[in-house]
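Colleague: next come a sequence and a model predicted from it.
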Protein chains: 2
Amino acid sequence: MSALRAFEAAARTGSLTRAAEALHVTHGAISHQIKALEADVGVRLVERAGRGIRLTDAGERLAGRVRTALTDLSDAVREVSERANPRALRVSVMPSFAARWLLPRIGSFIAEHPNVDLDVRASVLLADFRRDDVDIAIRYGSGNYPGLTVEHLMDDMYFPVCSPNIAGGPPVTPDDLKRYLLLRSESEFWQPWFAAAGLDVPEPTRGPIFNDASHVMQAAIEGQGVALARTSLIGNDLANGVLVRLFDTTVPASTRYFLVYPPSRAGSSKVRQFGAWIRKEIARDDGGMAVLRAKPRATTGARSRSRQPPAPSPSGVRTRARR
Amino acid sequence: MSALRAFEAAARTGSLTRAAEALHVTHGAISHQIKALEADVGVRLVERAGRGIRLTDAGERLAGRVRTALTDLSDAVREVSERANPRALRVSVMPSFAARWLLPRIGSFIAEHPNVDLDVRASVLLADFRRDDVDIAIRYGSGNYPGLTVEHLMDDMYFPVCSPNIAGGPPVTPDDLKRYLLLRSESEFWQPWFAAAGLDVPEPTRGPIFNDASHVMQAAIEGQGVALARTSLIGNDLANGVLVRLFDTTVPASTRYFLVYPPSRAGSSKVRQFGAWIRKEIARDDGGMAVLRAKPRATTGARSRSRQPPAPSPSGVRTRARR
DNA sequence: CTAATATGTGAATATTATTGACATATGGTC
DNA sequence: GACCATATGTCAATAATATTCACATATTAG
């Protein structure tokens, strides 16, 4: 039974590894399950195709029907769950985005939609709509989420920030950064920004590292060091003066924000209301770029980068004049 | 996920106990699974209704869709498995019926259908078509198999037999039975026959007991004692003279034989071929009653019972003149 | 009332799935 | 063409989950 889930995920993603990610297990689990299913039906369903898998004819035949049935199943459960609490709207979101973007703004949604009981589920793991009881998710990634309706929300820019009260005062030249503690988060790197600013500096390997980008911002606000900020996580910190923007070089993030939900939920009024609200909020922020209007503390000398179509390039870095 | 299976079975059977039987688990397992599912969706799905369960509105809504999806799932798997080995026909039968009815006759099916690879799966447990890879089953029971296509095959009669070479020779009068070892099987009782024969004798509590009715017959053939035979399990033993029929009292069995299969398999040529063959075989045996033409060794004096519509009465015993 | 038949539930147990470590295979890169 | 990065395959060890067992509770028939 769970073998069918594993098989369907593998068929959908075309990869045991990606199927494993989608189901929050290791590729070994998927492999085992598919082997068991194949033994059960007596045919090979997937076969290795170079660096990945390919469905056999039998697998192809099975995959579609299994997907339909599993979707029916999860839709049926979701609908019953929905009826049980028709006011609930479960939103899955990353903890950092929740803390620094969604929660500061969420008041207006709650005020405008008093008939919706919002349930914000912050998790570092991608919600599985087939399994988790989630109505809608905000995801930060490539935008490739098979089987789900995906709406692009906004893009991000990286630029350095620090507290105006940082020990020794904010750096004045990019070169000064070498003398400051550089705050880091997993999976976000300083290198692209260094390169864009014309600095020949390796990726920092010392100093604190956080698995949650919002904690990096919090540490910067506390004056712990210099952070590489994302526009989406800046909030009012520049306007309030609790953070200052350093230099005028910005680097586009290679990942973007998306609103995703199962196609079967597209008609839900709660889902539509939330989507409309979040798009309105983003428009008000100029797609998250409003924060960049704050004047930088100094220039890098290098040409700055900003406001361009999101970077699909592997490096995630492009050069284009700003303003 | 397996919670949905449990819930569907409970909804289908209207009872946790019967659902548990269908899934070959205890009622506790079903209860736990349904509780977990209810916690997940946030509504009660089933509620206790006296001695049994009743679905709530939410449960009712969910049950139908879940059943459909699960059936789709198992059909999809079955079809792929079918294509993998299009010649295979998996028949689930009870071991006793397999040994004493099906196997002696199966040669003609194999001969007439050389393109079918027959796979006889003998098991004391009822096959679960949703889970087990079975095409068709022969069941001995009440005929109430929800969700399955059921065709009545034949009825059974009970009457005593023994080896002509039994120590001391076969009993001459019913009263003589008291001096013989009475062979017993689980869930088959002498009492109804005693009553019909006008004997005031309690159910035997001593002597060997077998969990497989065919073993009772085998023991009788070996001269171990007197058995209460069923017409369906007699085979050629009366004609061959390895067993003799004692007295002329017969008692109809309250259970009957049925051919069952999932509705989705009704169109399968293999299933239709097997069904046609087995009905032909049964007709040739006069619905299993041909063996009764063998003259009994003696009369009981009591009026004998036979050839009547199967007994739905609780006692399983009815009185009606024979011939 | 009692016996018989159900469901409900918690702790112990059995079963099953998953992991982690390593092996094997493929394709792109210098 | 060797190397490295990226996959899948597979084993025994482990973790997670379902199931059982024993007993409690509830209902109905007689």
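Modeller: Perfect, I can see it now. Numbering: from 1, shown residues only, chains lettered A, B, ... in the order given.
Colleague: pick out the residue in the stretch 51-200 of chain A sitting closest to DNA strand D.
Modeller: A:Arg51 (4.2 Å; Cβ to the nearest atom of the strand). Just so you know, the C-beta spots here come from the backbone N, C-alpha and C atoms, and that holds for glycine as well.
Colleague: can you check the pLDDT for that residue?
Modeller: On pLDDT, A:Arg51 comes in at 81.
Colleague: number of nearby residues for it?
Modeller: 7 (other Cβ atoms under 10 Å in any protein chain shown).
Colleague: how about the secondary structure of it?
Modeller: Of the three states, A:Arg51 takes coil under DSSP: H, G, I helix; E, B strand; the rest coil.
Colleague: tell me the average confidence for stretch A:222-239?
Modeller: Rounded mean pLDDT across stretch A:222-239 is 93.
Colleague: off-centre distance for it?
Modeller: Offset of stretch A:222-239 from its chain centre (Cα atoms, centre = their mean, to the nearest Å): 18 Å.
Colleague: quick one: terminal-to-terminal distance for it?
Modeller: 16 Å (Cα to Cα, to the nearest Å).
Colleague: any idea how far chain B is from the nearest residue to A:Arg87 once chain neighbours are set aside?
Modeller: Leaving aside its sequence neighbours, A:Arg87 sits nearest to A:Asp117 (Cβ to Cβ, 6 or more residues apart in numbering or on different chains; 4.4 Å). According to Cβ to the nearest Cβ, to the nearest Å, A:Asp117 stands 12 Å off from chain B.
Colleague: correct me, but A:Asp117 touches A:Asn85?
Modeller: Yes: with contact defined as Cβ atoms under 8 Å, A:Asp117 counts as touching A:Asn85 (7.2 Å).
Colleague: before we move on, back to that, what pLDDT does the residue nearest to A:Arg87 get?
Modeller: A:Asp117 is given a pLDDT of 91.
Colleague: with A:Gly169 instead?
Modeller: According to the model, A:Gly169 scores 93 on pLDDT.
Colleague: tell me the backbone dihedrals of the residue nearest to A:Arg87, please.
Modeller: Backbone geometry at A:Asp117, expressed as degrees, to the nearest 10, gives phi -90, psi 100.
Colleague: can you pull the contacts of it?
Modeller: A:85, A:87-89 (Cβ atoms under 8 Å, 6 or more residues apart in numbering or on different chains).
Colleague: beta partners of it?
Modeller: For A:Asp117, the beta-bridge partners are A:Ala88 (DSSP bridges).
Colleague: any idea how far it is from B:Pro170?
Modeller: Counting by Cβ to Cβ, to the nearest Å, the separation of A:Asp117 from B:Pro170 is 81 Å.
Colleague: can you pull out the strands in the stretch 151-300 of chain A?
Modeller: A:182-185, A:209-210, A:226-230, A:244-245, A:251-261 (DSSP state E, counting those that start in this stretch).
Colleague: how near is the closest residue to chain B within the stretch 151-300 of chain A to A:Arg78?
Modeller: Chain B sits closest to A:Ser264 of the stretch 151-300 of chain A, with a gap of 12.3 Å, by Cβ to the nearest Cβ. A:Ser264 sits 8 Å away from A:Arg78 when distances are taken as Cβ to Cβ.
Colleague: which neighbouring elements make contact with the one helix or strand in chain A whose mean pLDDT sits lowest?
Modeller: Ranked by mean pLDDT, DSSP states H and E, the weakest helix or strand in chain A is strand A:209-210, scoring a mean of 86. Judged by 3 or more Cβ pairs under 8 Å, 6 or more residues apart in numbering or on different chains; DSSP states H and E, the packing partners of strand A:209-210 are strand A:182-185.
Colleague: hmm, who's touching the strand it packs on?
Modeller: So strand A:182-185 is in contact with A:190, A:204, A:207-213, A:215-216, A:219-220, A:224-228, going by Cβ under 8 Å, 6+ apart.
Colleague: how about the residues of chain A near DNA strand C?
Modeller: A:2-3, A:6, A:20, A:23-26, A:28-29, A:32-33, A:36, A:48, A:50-51 (Cβ under 7 Å from any atom of the strand).
Colleague: chain B contacts on chain A?
Modeller: A:1-2, A:4-5, A:40-43, A:45, A:58, A:61-62, A:65-66, A:68-70, A:72-73, A:75-77, A:79-81, A:83-85, A:133 (Cβ under 8 Å from any Cβ of the partner chain).
Colleague: mind redoing it with 6 Å?
Modeller: A:1-2, A:41-43, A:58, A:61-62, A:65-66, A:69, A:72-73, A:76-77, A:80-81, A:84-85 (Cβ under 6 Å from any Cβ of the partner chain).
Colleague: now intersect those residues with the helices, please.
Modeller: Using DSSP state H, the members of the residues of chain A next to chain B that fall within helices are A:2, A:41, A:58, A:61-62, A:65-66, A:69, A:72-73, A:76-77, A:80-81, A:84.
Colleague: pull the most distant pair out of those residues.
Modeller: Farthest apart among those by Cβ to Cβ are A:Ala58 and A:Ala84. That separation is 38.9 Å.
Colleague: more crowded one of those two?
Modeller: Taking other Cβ under 10 Å, A:Ala58 and A:Ala84 do not tie; A:Ala58 has more neighbours (20 against 15).
Colleague: wait, doesn't that one sit right on B:Val80?
Modeller: Yes: here A:Ala58 reaches B:Val80: they are 5.0 Å apart, a contact under Cβ atoms under 6 Å.
Colleague: neighbours of the residue of the stretch 101-250 of chain A found nearest DNA strand C, how many?
Modeller: Proximity of the stretch 101-250 of chain A to DNA strand C (Cβ to the nearest atom of the strand) peaks at A:Arg131, 10.7 Å away. Using other Cβ under 10 Å, A:Arg131 has 16 neighbouring residues.
Colleague: excluding its backbone neighbours, what's nearest it?
Modeller: A:Ser74 (7.3 Å).
Colleague: does stretch A:26-41 come close to DNA strand D?
Modeller: Yes: using Cβ under 7 Å from any atom of the strand, stretch A:26-41 comes into contact with DNA strand D via A:27-28, A:31-32, A:34-35.
Colleague: so what's the residue nearest the centre of chain A up against?
Modeller: Nearest to the mean C-alpha position of chain A, counting by Cα atoms, centre = their mean, stands A:Tyr140 at 1.5 Å. Counting by Cβ atoms under 6 Å, 6 or more residues apart in numbering or on different chains, A:Tyr140 touches A:94, A:255, A:257.
Colleague: at 10 Å instead, please
Modeller: Listed by Cβ atoms under 10 Å, 6 or more residues apart in numbering or on different chains, the contact set of A:Tyr140 reads A:93-94, A:96-97, A:126, A:153, A:156, A:213, A:230, A:232, A:253, A:255-258.
Colleague: out of the contacts of A:Asp117, the closest to chain B would be?
Modeller: Distances from chain B to the contacts of A:Asp117, taken by Cβ to the nearest Cβ, are shortest for A:Asn85, at 5.9 Å.
Colleague: backbone torsions only: list them for that closest one.
Modeller: Torsion angles, degrees, to the nearest 10, at A:Asn85: phi -140, psi 80.
Colleague: excluding its backbone neighbours, what's nearest it?
Modeller: B:Gly42 (5.9 Å).
Colleague: the one you found reaches B:Ala58, doesn't it?
Modeller: Yes: here B:Gly42 reaches B:Ala58: they are 9.3 Å apart, a contact under Cβ atoms under 10 Å.
Colleague: any common contacting residues for these two?
Modeller: Each of A:80-81, A:83-84 lies in contact with both B:Gly42 and B:Ala58 under the rule Cβ under 10 Å, 6+ apart.
Colleague: neighbour-wise, which one of the residues you listed leads?
Modeller: Ranking the shared contacts of B:Gly42 and B:Ala58 using other Cβ under 10 Å puts A:Val80 first, with 25 neighbours.
Colleague: show me what contacts that one?
Modeller: B:37, B:40-43, B:45, B:56-63, B:65-66.
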